[in-house]
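Asks: How does the following fold in three dimensions:
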Amino acid sequence: MRELRSATEEPAERAGGPLTADAATRAVGRVLDEVLDARMSEAYDVDAVFARQVAGRVSAFARRGGKRLRTAFAWCGWRAGGGSGDPGPLLRTGAALELVQTCALVHDDVMDGSHLRRGAPAVHVDLARMHRAEGLAGSAEAFGHSAAVLAGDLALAWADDLMTDIVLTSPHGPRVYREWRAMRGEMVAGQYRDLQAQAAGASGIDEALTIATLKSALYTVERPLALGASLAGADESVMTALRAAGRCTGLAFQLRDDLLGAFGDPALTGKPVGDDLRARKLTYLLAVALELGRANGDEEAVALLSPGPATTLPDRAMEGVRAALERTGARDEVEAKIAELADSALRHFDETGAQPAVRREFAALVARASGITTGCVREAV
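Replies: Next up, the predicted model:
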């Protein structure tokens with residue numbers, strides 16, 4: 001991995017590797033830049049049009065980045081598992097996770113028909129605009145959707161290429177590969193269950209939690225923690241504690257995302273607000289509201305929130321939907337569930353025996369992922 005050396009040597013030589021999760025996320029940005037530069041060079045060797053129009057958009061999307069939470073959790077898993085010394089494999093794993101996230105978001109926006117991502121047009125929207133601007137034949141929307149699927153596939157291929165190099169050179173390669181392979185399958189299963197639930201008009205709480213676990217909790221937190229710990233050769237007791245901590249944190253993250261999707265500010269989230277509500281997409285928030293509405297005889301809330309024959313609700317109905325989520329107590333119940341999950345995550349992580357500094361950093365990440373700004377960090381010692 002010659003092309004990554006300059007991005008990993010500097011922090012390793014200066015301080016024995018990233019000493020904090022924040023340092024790791026900054027360093028992984030440099031690693032990702034070098035990976036993408038190399039992949040773009042290869043893409044131009046294949047075909048200039050493909051490189052400009054597809055690979056270039058994948059590269060730009062990945063570089064815009066997000067919270068880099070997966071890298072930070074992988075770092076926590078690595079340190080909790082006894083990782084020290086050369087951070088190169090951990091940082092390259094973080095870069096691979098960022099590319100998997102790129103794949104997931106590009107495909108998710110196509111499936112959901114979302115127009116905005118990370119404060120910019122979604123990839124399929126941008127490709128459709130290019131189609132129109134260049135006067136290409138056929139449907140611009142169909143072209144954008146098809147090309148975006150290819151863009152997401154390319155991001156996944158780049159991630160797999162990077163992880164293959166890591167697995168082949170790591171003394172714990174088979175363990176790392178098992179975690180990576182499981183994560184990819186779970187991510188696809190979660191996306192399918194999300195689509196299937198919407199088509200079937202599902203509204204149950206258990207199904208909503210299953211989808212949230214598969215689609216988000218596992219690949220956002222649990223698997224990154226396990227990947228980091230596997231790179232460090234962690235023992236099974238540490239792995240078990242990390243899996244439990246990761247699942248709780250990941251669910252808290254997804255439930256917070258559900259709340260932001262209903263009540264957030266697009267200027268802060270970088271994506272539209274209310275899309276899931278318009279489609280009455282199955283989320284834990286919606287499922288809880290329906291259950292409470294039925295229990296309390298709130299017929300208006302049940303009528304607004306229940307899956308129906310209409311594909312989407314009109315904009316004029318959205319304030320009523322948000323009011324129903326508040327009135328039924330669903331918003332408060334989801335907030336309480338997030339706090340409960342965050343506290344459980346900290347207890348499980350403590351069982352790893354990680355050093356106090358690592359536990360404090362994990363607690364800060366839990367607070368960041370869950371939106372719980374009090375209590376979590378205070379409890380970590």
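Asks: how far out from the middle of the chain is stretch 360-368?
Replies: 16 Å (Cα atoms, centre = their mean, to the nearest Å).
Asks: Tell me the buried residues in it?
Replies: Neighbour-count burial for stretch 360-368, counted by 16 or more other Cβ atoms under 10 Å, picks out 360, 361, 362, 363, 364, 365, 366, 367, 368. Heads up, the C-betas are built off the backbone N, CA and C, glycines and all.
Asks: ditto for stretch 156-176
Replies: 156, 158-160, 162-163, 166-167, 170, 172-173, 175-176.
Asks: Between the buried residues of stretch 360-368, which sits nearest residue 332?
Replies: Nearest to residue 332 among those, counting by Cβ to Cβ, is residue 367 at 19.5 Å.
Asks: Residue 342 is in contact with the closest one, correct?
Replies: Yes. Using Cβ atoms under 8 Å, residue 367 makes contact with residue 342 at a distance of 7.3 Å.
Asks: Give the next helix or strand downstream of the strand or helix carrying residue 108.
Replies: Using DSSP states H and E, residue 108 maps to helix 88-112. Remark: after helix 88-112, the chain's next helix or strand is strand 116-117, criterion DSSP H and E.
Asks: so what strands line up beside that following strand?
Replies: With DSSP bridges as the test, strand 116-117 is paired with strand 120-121 (antiparallel).
Asks: Doesn't residue 297 belong to a strand?
Replies: No. Per DSSP: H, G, I helix; E, B strand; the rest coil, residue 297 lies outside any strand segment and is coil.
Asks: tell me the mean pLDDT over stretch 257-270?
Replies: Taken as a whole, stretch 257-270 has a mean pLDDT of 77.
Asks: Equivalent analysis for stretch 228-237, please.
Replies: pLDDT averaged over stretch 228-237 gives 96.
Asks: same thing with stretch 61-77?
Replies: 91.
Asks: Can I get it in CSV? Just the C-alpha atoms.
Replies: This file holds the C-alpha atoms of stretch 61-77, laid out as CSV (Å, rounded to 0.1, in the frame of the first residue of the first chain):
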residue,chain,number,x,y,z
PHE,A,61,-19.1,12.6,-2.6
ALA,A,62,-16.8,10.6,-0.4
ARG,A,63,-14.4,13.6,0.1
ARG,A,64,-17.4,15.8,1.3
GLY,A,65,-17.6,13.4,4.1
GLY,A,66,-20.1,13.2,6.9
LYS,A,67,-19.6,12.7,10.6
ARG,A,68,-16.9,10.0,10.1
LEU,A,69,-18.5,8.2,13.0
ARG,A,70,-17.7,4.8,11.7
THR,A,71,-14.0,5.6,11.7
ALA,A,72,-14.2,6.9,15.3
PHE,A,73,-16.0,3.8,16.5
ALA,A,74,-13.5,1.5,14.7
TRP,A,75,-10.8,3.4,16.6
CYS,A,76,-12.6,2.8,19.9
GLY,A,77,-12.9,-0.9,19.1
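Asks: buried set for that stretch?
Replies: Quick answer for stretch 61-77 (16+ other Cβ under 10 Å): 61-62, 65, 68-77.
Asks: Redo the residues you listed as CSV? Include secondary structure and distance to residue 134.
Replies: Formatted as CSV, the buried residues of stretch 61-77 follow (DSSP: H, G, I helix; E, B strand; the rest coil; distance: Cβ to Cβ, whole Å):
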residue, secondary structure, distance to residue 134
61, helix, 20
62, helix, 24
65, coil, 28
68, coil, 34
69, helix, 37
70, helix, 35
71, helix, 36
72, helix, 40
73, helix, 41
74, helix, 40
75, helix, 43
76, helix, 46
77, helix, 45
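Asks: Can you tell me which of those is nearest residue 322?
Replies: For those, the nearest to residue 322 is residue 69 (26.7 Å; Cβ to Cβ).
Asks: was I right about the closest one contacting residue 367?
Replies: No. When contacts are counted by Cβ under 8 Å, residue 69 is not listed as touching residue 367 (11.7 Å).
Asks: Just the ones of the buried residues of stretch 360-368 in strands?
Replies: Among those, none falls in strands (DSSP state E).
Asks: Counting neighbours, what do you get for the closest residue to residue 221 other than its chain neighbours?
Replies: Sequence neighbours aside, residue 250 is the residue nearest to residue 221 in space, at 3.8 Å (criterion: Cβ to Cβ, 6 or more residues apart in numbering). Counted with other Cβ atoms under 10 Å, residues neighbouring residue 250 total 29.
Asks: Give the buried residues for the helix or strand where residue 250 lies.
Replies: Using DSSP H and E, residue 250 maps to helix 236-263. Across helix 236-263, burial judged by 16+ other Cβ under 10 Å covers 238-239, 241-262.
Asks: now swap in stretch 335-355 and tell me
Replies: Buried-residue list, stretch 335-355, by 16+ other Cβ under 10 Å: 337-339, 341-346, 348-350, 352, 354.
Asks: Same question for stretch 137-149.
Replies: Those would be 140, 143, 144, 145, 147, 148, 149, for stretch 137-149 by 16+ other Cβ under 10 Å.
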